[in-house]
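Asks: Based on what follows, work out the 3D shape:
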Amino acid sequence: MAGPDFERPDGFTKAEITIDGMPLLVRALTSRSWWRRGEVSASDLIFVLKDTECSRAFSARSLLKWFPGARVVYLSHPTAGAAFSAIAGVAVCDPTKLLCVDLADILYDEACEPESIFAVDPNLGGMVPVFWADNPIYSYVELGTDGKAIRTAEKSIISSNASAGTYFFRDASVYSMAVSHAIRNRHEQTYRDIYFICPLFNGVIFAGHDVRTFDVNNVIDIKI
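Replies: Residues are numbered from 1 along each chain as shown. Predicted structure coming up:
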C-alpha cells in the first residue's frame with residue numbers, strides 16, 4: 001500500500017473501494033483460507049504505507065479499526081519497488097516464521113494450507129498462488145516437468161501461470177537472500193528498474209530451494 005496508485009484524488013484510498021459490500025482490503029485479506037482457519041489474525045498483520053496525510057488519516061479512520069492490533073510502518077520516501085517496501089514490514093515481523101507478502105488487490109478462492117506444506121518440506125523456500133492468464137500486466141511462474149518453479153518474471157508471459165499477488169517465503173532469511181540476489185542481478189531481475197516481488201523467487205531457486213505453486217480460482221483482479 002505504499003505504491004503510487006494507492007491514494008485517490010478524493011482523499012480516500014484504494015483499500016476503501018467497496019467490493020461485495022466490504023472494503024477491498026477487508027474483502028481480500030479475510031477471504032484467504034489461512035485467515036478463515038484462524039491461522040492468521042489482525043495482530044499478525046503488518047501494513048506498509050507512505051508517510052502522507054492521506055495514509056495517516058486512512059490508518060486512523062479505517063485500517064486500525066478493521067484490523068486492531070496490526071502494525072503499521074510508514075515510509076518517508078519512495079522505495080525502489082515493492083520488494084524493498086516489504087522489507088520495512090519484514091523488519092518488524094518474527095524473522096523465524098513463515099512470511100507472506102500479500103498485495104491484496106486480487107480476490108480469489110483457494111484451500112491451501114501453507115503452514116502445513118512448509119512444515120513437511122524443509123527444502124521448500126517459497127510458494128506462489130497462480131491462475132491461468134495470458135495478459136502481460138501480470139507476473140508469471142514457469143514450471144519444470146517435476147512441477148517445481150524454474151523461473152519467474154515480471155510482466156513477461158513465460159508461461160500461463162500468472163501470479164495472484166500473494167507470495168510465501170519460508171522466513172525472513174530466505175526473503176533477504178532473495179532480495180540480495182535481485183540486487184546483484186538487477187538488470188535481469190528488475191522491470192523498468194523497479195524491484196517487484198515475484199522475480200525474487202529466482203533468487204530462492206538459485207540458492208537451491210524449491211519454489212512451488214498452487215492454483216486459485218474465481219479470480220477477480222481489482223487492477224483491471
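Asks: elements contacting the biggest strand by length in the chain?
Replies: Secondary structure of the chain per DSSP state E: the longest strand is strand 124-132. With contacts defined as 3 or more CB pairs under 8 Å, 6 or more residues apart in numbering; DSSP states H and E, the packing partners of strand 124-132 are helix 114-120, strand 149-154, strand 161-163, strand 166-169, helix 172-184, helix 201-206, strand 210-215. Glycine gets a C-beta too; all of them are placed from N, C-alpha and C.
Asks: Point out the most buried one among these.
Replies: With neighbours defined as mean count of other CB atoms under 10 Å, the helices and strands packed on strand 124-132 peak in mean count at strand 166-169, which reaches a mean of 26.
Asks: quick one: that strand to chain centroid distance?
Replies: 6 Å (CA atoms, centre = their mean, to the nearest Å).
Asks: From the contact counts, what lies against it?
Replies: Secondary-structure packing of strand 166-169 (3+ CB pairs under 8 Å, 6+ apart): strand 99-102, strand 124-132.
Asks: Now render those strands as CSV, adding mean pLDDT and mean neighbour count.
Replies: Listed next are the helices and strands packed on strand 166-169 as CSV, based on pLDDT from 0 to 100; neighbours: other CB atoms under 10 Å:
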stretch, mean pLDDT, mean neighbour count
strand 99-102, 98, 21
strand 124-132, 98, 22
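Asks: For residue 17, find the nearest of the ones you listed.
Replies: Minimum separation from residue 17 across these (CB to CB) falls at strand 99-102, 16.5 Å.
Asks: Export only the CA atoms of stretch 84-91, formatted as CSV.
Replies: C-alpha atoms of stretch 84-91 as CSV (Å, rounded to 0.1, in the frame of the first residue of the first chain):
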residue,chain,number,x,y,z
PHE,A,84,12.0,-3.0,-0.8
SER,A,85,8.8,-1.7,0.6
ALA,A,86,8.1,-5.1,2.0
ILE,A,87,11.5,-5.1,3.8
ALA,A,88,10.1,-2.4,6.1
GLY,A,89,7.5,-4.9,7.2
VAL,A,90,9.9,-7.7,7.5
ALA,A,91,11.9,-5.6,9.9
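Asks: Could you list the buried residues of that stretch?
Replies: For stretch 84-91, the neighbour count (16 or more other CB atoms under 10 Å) marks 84-90 as buried.
Asks: Go through those and say which is closest to residue 71.
Replies: Closest to residue 71, out of all of the buried residues of stretch 84-91 and judged by CB to CB, is residue 89, at 7.9 Å.
Asks: Surely that closest one and residue 46 touch.
Replies: Yes: using CB atoms under 8 Å, residue 89 is in contact with residue 46, at 4.1 Å.
Asks: Need the residues touching each of these two.
Replies: Common neighbours of residue 89 and residue 46 (criterion: CB atoms under 8 Å, 6 or more residues apart in numbering): 71, 73.
Asks: taking the buried residues of stretch 84-91 one by one, which sit in helices?
Replies: Taking DSSP state H as the definition of helices, those contribute 84-90.
Asks: Name the member of those residues with the shortest distance to residue 184.
Replies: Among those, and counting by CB to CB, the member closest to residue 184 is residue 84, at 14.6 Å.
Asks: Low-confidence ranges, the chain, go.
Replies: The chain contains residues with pLDDT under 70 at 224.
Asks: again, only using 50
Replies: Of all residues in the chain, none has pLDDT under 50.
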